[in-house]
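1. coords please:
(2 chains)
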Amino acid sequence: MRIPCPYCGERDFSEFVYHGDPAARPDPAAPDAPRRFYEAVYLRDNPAGRHEELWYHAHGCRSWLRVTRDTRTHEIFGAAFASKGVA
Amino acid sequence: MRYSLLALARHALRGNRDWQPVWRDAEPRKHYDVIIVGGGGHGLATAYYLASRHGVRNVAVLEKGWIGSGNAGRNTTIIRSNYLLPGNEPFYEWSMKLWEGLEQDLNYNTMVSQRGVLNLYHSDAQRDAFARRGNAMRLAGADAEMLDADAVRRMLPLLDFDNARFPILGGLLQRRGGTARHDAVVWGYARGASDRGVDIIQNCEVTGFQRDGDRITGVETTRGAIGAGKVGLAVAGSSSRVAVLAGLRLPIESHVLQAFVSEAIKPFVDGVVTFGAGHFYISQSDKGGLVFGGDIDGYNSYAQRGNLPMVEDVCESGMALMPAIGRLRLLRSWGGLMDMSMDGSPIIDHTPLDGLYLNAGWCYGGFKATPASGWCFAHLLARDEPHPVAASYRLDRFETGHLIDEKGQGAQPNLH
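-> I've put the predicted structure just below:
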């Protein structure tokens, strides 16, 4: 499996650390914050197919990437810097 | 028909021509009291204990492929009850006790072999942690022995004891642990369930749920709709995929775990041995192949096959522990889908939907749990209350904070 890092180019996945589900941190001041934190921390989309996930390029540019991958075939549809849109 | 020495001799004299099928391959009926989704070890054990211990016999087990084709056939067949936490240890010890009586109960040779499980330690801190775990095991009625390096050396002379980085200082031994024959476990439970009237229905994939408001009243399948009083899910590896059909999101990720078997060699490892400085466990099958595995690959996967870097990682751990296996060739490797829960412990509980029950989250410890998982899930389905040894395996524990995090990794399923 090779991940196309936007900074370093296509690299073997063993250079990366997997973080998985890119759930955004909920607003701690929201009235239902405990419930939202529970959902963000513990409940995961776990599809057989196209999956959005975070990978950290630990042995490369040390960027966080948002990668779209098929969990059945490991085909990778794209990778982008995660810093926008992810809290 | 009961298996016995007499029956064996009688069939042998008749040329073994009139053996009957071990279990019935049934056609689906319109309605059952209980439907179990998933014809693996856990699902079939649940059906068996429902029929044999609770008198619930109008039961169907639905399997999308053939029984035992999922994780029941993709494990390393290890059985043990060497857990630390009070939520876990009594459950796994109950499982161990059921393993010890399983062949007599099922009248089927499941090849339970109590050849011992030895966890090696390589530092003072690890020795202390293992001593604590051994004490927790003994408090829960299990057996545990601390061995020093000399005692381990007498058992397993070919390990790399004086490794500069990971010297072997001793081990925590559970003599009652060992291995069992995975296919025989599946067929033994299937036979016991089928004999008591349970319908085992293969090639029957659940594609949706029938519901009446918040109550589940049956399932849609590739072989038509089937009504049910209660539906139990025992589809670890695919729990999220089936639960989402009922609109549920679970605290589970599916990951792939690889396992390997080498070419057959003469007796070399007589029990199960685990390497404490990496993640590596090994035993030797009765045919002589070394059966071993390590960590999960570490990313969500439904591929049932793994990647090469993990093959290298597992083999490196093996070489660090026992360099003598370096010339061995790998015969086969395979991958299974692990229901990795958010604290590394399973779930046996009601769901928020009436009539739908969940047995999931077995991470990569499902095989050893097969008897107790079936026992406790059957108890829950029959009586609508949790079995005492599985009472901690609640679905809502992640929300209430009552985690059972044996490894202390937090909500990082790929680290459990």
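
2. residues near residue B:20, how many?
-> Using other CB atoms under 10 Å in any protein chain shown as the criterion, residue B:20 is surrounded by 7 other residues. Where you see a C-beta, it was placed from the backbone N, CA and C, and this is true even at glycine.

3. okay but it is in contact with residue B:1, surely?
-> Yes: in this structure, residue B:20 is within contact of residue B:1 by CB atoms under 8 Å, at 6.1 Å.

4. ok, and the closest non-adjacent residue to residue B:66?
-> residue B:202 (5.2 Å; CB to CB, 6 or more residues apart in numbering or on different chains).

5. number of nearby residues for the one you found?
-> For residue B:202, the count of nearby residues is 16 (other CB under 10 Å).

6. show me where the stretch 201-350 of chain B has helices.
-> B:239-243, B:308-321 (DSSP state H, counting those that start in this stretch).

7. tell me which of these sits most buried.
-> Sort these by mean neighbour count, taking mean count of other CB atoms under 10 Å in any protein chain shown, and helix B:239-243 sits at the top with a mean of 23.

8. so for that helix, mean pLDDT?
-> Helix B:239-243 shows a mean pLDDT of 97.

9. that helix near chain A at all?
-> Yes: against chain A, helix B:239-243 shows contacts by CB under 8 Å from any CB of the partner chain at B:240-241.

10. quick one: name the residues of chain A near chain B.
-> A:1, A:12-14, A:18, A:20-21, A:35, A:38-39, A:41-48, A:51, A:53, A:69, A:71-74.

11. which of those residues fall within helices?
-> A:35, A:38-39, A:41-42 (DSSP state H).

12. so how far is chain A from the residue nearest to residue B:66?
-> 21 Å (CB to the nearest CB, to the nearest Å).

13. mind checking what secondary structure the residue in chain A sticking out farthest from the centre has?
-> Within chain A, residue A:31 marks the point farthest from the mean C-alpha position, 27.2 Å out by CA atoms, centre = their mean. On the three-state scheme (DSSP: H, G, I helix; E, B strand; the rest coil), residue A:31 is labelled coil.

14. my guess is residue B:44 meets residue B:186, correct?
-> Yes: here residue B:44 lies in contact with residue B:186, judged by CB under 8 Å, at a distance of 6.2 Å.

15. residues in contact with whichever residue of the stretch 201-350 of chain B sits closest to chain A?
-> Closest contact between the stretch 201-350 of chain B and chain A, by CB to the nearest CB, is at residue B:240 (3.6 Å). Shown in contact with residue B:240 (CB atoms under 8 Å, 6 or more residues apart in numbering or on different chains): A:44, A:46-47, B:249-250, B:252-254.

16. and the furthest pair within the residues you listed?
-> Farthest apart among these by CB to CB are B:249 and B:254. That separation is 13.3 Å.

17. and the two? which has more neighbours close in?
-> Using other CB under 10 Å, the more surrounded residue of residue B:249 and residue B:254 is residue B:254, with 24 against 14.

18. so in terms of bridging, what pairs with that one?
-> residue B:339 (DSSP bridges).

19. hang on, the earlier thing: list phi and psi for the residue nearest to residue B:66.
-> Dihedral pair for residue B:202: phi -100, psi 170, per degrees, to the nearest 10.

20. pLDDT value on the closest residue to residue B:57 other than its chain neighbours, please?
-> Nearest non-adjacent residue to residue B:57, counting by CB to CB, 6+ apart: residue B:197, 4.1 Å away. Per-residue pLDDT puts residue B:197 at 97.

21. same question for residue B:361.
-> 97.

22. how far away is it from residue B:340?
-> Counting by CB to CB, to the nearest Å, the gap from residue B:361 to residue B:340 is 8 Å.

23. and for the two, which residues touch both?
-> Applying CB under 8 Å, 6+ apart, one finds that residue B:361 and residue B:340 are jointly contacted by residue B:252.

24. could you check the pLDDT of the most centrally placed residue in chain B?
-> Nearest to the mean C-alpha position of chain B, by CA atoms, centre = their mean, lies residue B:367 at 1.6 Å. On the pLDDT scale, residue B:367 is placed at 97.

25. tell me which residues touch it, please.
-> For residue B:367, the contact set (CB under 8 Å, 6+ apart) comprises B:41, B:71-72, B:75-79, B:180, B:182.

26. I'd like the residues you listed laid out as TSV, including secondary structure.
-> What follows is the contacts of residue B:367, written out as TSV (three-state DSSP):
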residue	secondary structure
B:41	helix
B:71	helix
B:72	helix
B:75	coil
B:76	coil
B:77	coil
B:78	strand
B:79	strand
B:180	coil
B:182	helix
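
27. export these to CSV and tack on neighbour count?
-> Below are these laid out as CSV (neighbours: other CB atoms under 10 Å in any protein chain shown):
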residue, neighbour count
B:41, 32
B:71, 26
B:72, 25
B:75, 22
B:76, 21
B:77, 20
B:78, 20
B:79, 28
B:180, 23
B:182, 22
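
28. and of the residues you listed, the nearest to chain A?
-> Nearest to chain A, judged by CB to the nearest CB, of those is residue B:71 at 15.3 Å.

29. I'd like the distance between the residue nearest to residue B:66 and residue B:143.
-> From residue B:202 to residue B:143 the distance is 39 Å (CB to CB).

30. ditto for residue B:223
-> Plainly put, residue B:223 is 46 Å away from residue B:143 if you go by CB to CB.

31. cool, and residue B:165?
-> Separation of residue B:165 from residue B:143 (CB to CB): 31 Å.

32. so residue B:398 makes contact with residue A:37?
-> No: with contacts counted by CB under 8 Å, residue B:398 stays clear of residue A:37, the gap being 10.8 Å.

33. the two - which one has more neighbours?
-> The neighbour comparison of residue B:398 against residue A:37 (other CB under 10 Å) goes to residue B:398, with 21 against 17.

34. pLDDT wise, what is the residue farthest from the centre of chain A at?
-> Looking at residue A:31, its pLDDT stands at 95.

35. sorry, back to before: for ChimeraX, what selects the buried ones among the contacts of residue B:240?
-> Applying 16 or more other CB atoms under 10 Å in any protein chain shown to the contacts of residue B:240 leaves a buried subset, and the ChimeraX line that selects it is:
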select /A:44,46,47 /B:250,252,253,254
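
36. of the contacts of residue B:240, which is the nearest to residue B:285?
-> Distance to residue B:285 across these (CB to CB) is lowest for residue B:254, with 27.2 Å.

37. quick one: contacts for the closest one?
-> Here residue B:254 is in contact with A:46, A:48, A:71, B:237-240, B:300-302, B:337-340 (CB under 8 Å, 6+ apart).
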